[in-house]
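Chemist: Task: produce atomic coordinates for the following.
(one chain, ligands or ions: 2)
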Amino acid sequence: HKDPHYMSGRTTMVHLFEWKWDDIAAECERFLGPRGFGGIQISPPNENLAIRSRNRPWWERYQPISYRLVTRSGNEQQFENMVRRCNNAGVRIYVDAIINHMTGTWGENVGTGGSTADFNNWYYPAVPYGRNDFNSPQCVIQGNDYQCCADRVRNCELSGLKDLNQGSEYVRGKITEYMNRLIDLGVAGFRIDAAKHMWPGDLSAIYSRLNNLNTNHGFSHGARPYIYQEVIDLGGEAVSRNEYSSLAAVTEFKYGMELSRCFNGQNQLRWLVNFGPNWGFLASNDALTFVDNHDNQRGHGAGGNILTHKRAKQYKGAIAFMLAHPYGRPQLMSSFSFHDTEAGPPMDSNGNIISPAINSDNTCGNGWVCEHRWRQIYQMVAFRNVAGNTGINDWWDNGSNQIAFCRGGQGFVAFNNDNWDLNTNLQTCLPAGRYCDVISGEKRNNGCTGKVITVGGDGRAQIVLGANDYDMALAIHRGQDS
Ligand SMILES: O=C(/C=C/c1ccc(O)c(O)c1)N[C@@H](Cc1ccc(O)cc1)C(=O)NCCCOc1c(-c2ccc(O)c(O)c2)oc2cc(O)cc(O)c2c1=O
Ligand SMILES: [Ca+2]
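Modeler: Residues are numbered from 1 along each chain as shown. Ligands and ions are numbered 1, 2, ... in the order given. Prediction:
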């Protein structure tokens with residue numbers, strides 16, 4: 001469950017948070033496929049409670065009401081269409097699976113697809129789940145439970161949400177039925193939301209009952225679903241991510257926290273020379289890495305002062321480093337704009353999600369940020385693909401915030417977070433030639449729209465990164481020589 005099954009030569013996933021299925025299908029064909037993206041994490045496709053009293057907050061999608069494939073993102077037919085079109089474009093689909101709980105008691109009993117639920121009697125007829133499918137005695141997780149009591153973290157309610165008993169054969173059956181239907185529709189795997197709130201033994205039983213991936217969608221025989229478990233664990237809690245990393249991959253929240261600290265100036269970039277398990281991170285093959293995610297980009301999530309699109313220069317620097325560095329399997333966040341941390345996606349007066357507009361310069365409009373369409377970001381997805389499974393070599397730093405390294409003989413990156421210019425002759429590990437810097441521009445016809453770096457026969461080049469340049473990174477790689 002640790003292999004994403006990306007099409008060959010692809011390495012990176014993007015979380016198209018709150019996108020509609022039809023828009024995702026189009027994005028696969030017009031952008032993500034051609035640009036070499038490996039996969040997409042989609043918002044939960046199962047029916048959720050419509051919380052109109054809070055003006056449809058983003059977290060309503062994390063309050064299941066049934067396992068019917070009906071949400072504001074689309075219906076089952078649109079879901080199937082998206083999966084087929086994206087797989088055909090070489091882009092895999094990963095489903096955000098909310099299997100720890102159902103909804104709470106918000107007094108609104110209509111889902112987005114028309115199902116109803118009776119929270120007071122703990123009844124979800126469209127599944128169906130009844131009272132004895134939930135943990136009892138009923139209890140709510142308290143703050144200090146995270147430190148003291150692993151059993152309460154699993155058996156009590158998270159934020160008052162009805163806590164399913166995954167130890168029950170019936171509940172396991174309903175969960176695996178839901179996930180196997182998605183596998184048969186062609187998805188490549190799952191994000192397991194709130195995994196630390198479920199027993200590893202129960203999760204293991206559920207994973208073992210999942211079908212192999214659907215060979216009609218280009219997966220090899222016997223391919224197991226890619227599973228990455230959301231375990232928010234920055235250390236010091238009763239529940240450890242190590243209980244889960246033997247079952248499947250785990251979200252490495254320390255990664256985004258530490259990288260944000262380095263690129264927002266709290267730590268010097270030179271310390272990144274041994275970034276990876278030496279920093280207490282999971283093994284590379286076990287780690288789903290990211291800078292920000294849908295929860296912590298809103299400030300109150302795990303990791304404290306996380307870099308987001310709102311601090312563009314530092315964020316692009318951190319993302320470029322994540323994509324240039326071989327550790328882990330990276331996921332990019334693709335957001336909608338928000339001022340209110342509760343706000344849901346852009347919607348019309350009827351509560352329907354508004355599609356992103358694609359501007360003439362290929363950026364997004366209509367309230368969508370589309371970080372994945374920023375040149376400095378999508379160009380580094382291509383860099384990561386070219387770097388393949390090479391390691392890091394020829395590391396250089398200036399003892400503070402100027403660093404550079406090679407990926408085998410495939411690519412070279414440099415970063416400058418000091419407030420003075422980087423202007424140094426460095427080893428790029430590349431064959432002699434004129435290379436386009438993929439951060440400040442791109443190769444067009446036979447020229448470069450941005451910086452041009454001339455590499456000599458010894459592989460060395462004069463690398464210039466001004467402290468006041470628009471971006472703090474520079475990257476060149478094979479195939480981008482002009
Ligand atoms: O802020 C939120 C939602 C956050 C959230 C949602 C999805 C995630 O995947 C996630 O990581 C966080 N929700 C708001 C509003 C809210 C929602 C439901 C509710 O019954 C009460 C309030 C909030 O203030 N939540 C309390 C603090 C955040 O506590 C939540 C966590 C959470 C936070 C920190 C942890 O270390 C941890 O292990 C779990 O995970 C969720 C997962 C869900 O599937 C649904 C949830 O409602 C939540 C969730 O409330
Ligand atoms: Ca639970």
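Chemist: What segments of the stretch 151-300 of the chain are strands?
Modeler: 189-192, 226-229, 249-251, 287-289 (DSSP state E, counting those that start in this stretch).
Chemist: And the ones you listed: which comes nearest ligand 2?
Modeler: Of all those, strand 189-192 sits nearest to ligand 2, with 11.8 Å by Cβ to the ion. To be clear about C-beta, it is placed using only N, CA and C from the backbone, and glycine gets the same treatment.
Chemist: quick one, helices of the stretch 201-350 of the chain?
Modeler: Taking DSSP state H, counting those that start in this stretch, the helices of the stretch 201-350 of the chain run over residues 253-263, 312-324.
Chemist: Just the pLDDT for the nearest residue to P346 once chain neighbours are set aside.
Modeler: Residue nearest to P346 in three dimensions, not counting chain neighbours: G367, with 3.7 Å by Cβ to Cβ, 6 or more residues apart in numbering. What the model reports as pLDDT for G367 is 98.
Chemist: I figured G367 hits H339, correct?
Modeler: No: in terms of Cβ atoms under 8 Å, G367 does not count as a neighbour of H339; the distance is 10.9 Å.
Chemist: Please say which of these two ends up with more neighbours.
Modeler: Each of G367 and H339 has its neighbours counted (other Cβ atoms under 10 Å); G367 has more, 16 against 5.
Chemist: now the residue nearest to P346: how far from N352?
Modeler: Separation of G367 from N352 (Cβ to Cβ, to the nearest Å) stands at 13 Å.
Chemist: now do F412
Modeler: 46 Å.
Chemist: which of the two has more neighbours?
Modeler: Taking neighbours as other Cβ under 10 Å, F412 and N352 compare with F412 leading, 27 against 12.
Chemist: Name all residues that make contact with the residue nearest the centre of the chain.
Modeler: Nearest to the geometric centre of the chain sits Q331, at 3.5 Å (Cα atoms, centre = their mean). Counting by Cβ atoms under 8 Å, 6 or more residues apart in numbering, Q331 makes contact with 12-15, 41, 288-290, 293.
Chemist: Tally up the residues packed near whatever residue of the stretch 1-150 of the chain ends up closest to ligand 2, please.
Modeler: Using Cβ to the ion, N100 is the residue of the stretch 1-150 of the chain that sits closest to ligand 2, at 4.7 Å. Neighbour count of N100, defined by other Cβ under 10 Å: 25.
Chemist: Tell me how far it lies from K2.
Modeler: Distance from N100 to K2, counting by Cβ to Cβ: 21 Å.
Chemist: which residue packs closest to the one residue in the stretch 301-450 of the chain that gets nearest to ligand 1, ignoring adjacent ones?
Modeler: The stretch 301-450 of the chain approaches ligand 1 most closely through A302 (5.8 Å), counting by Cβ to the nearest ligand atom. Spatial nearest neighbour of A302, chain neighbours left out: I232 (4.4 Å); criterion: Cβ to Cβ, 6+ apart.
Chemist: is it true that that neighbour touches A195?
Modeler: No: the pair I232 / A195 is not scored as a contact, 9.3 Å apart, by Cβ under 8 Å.
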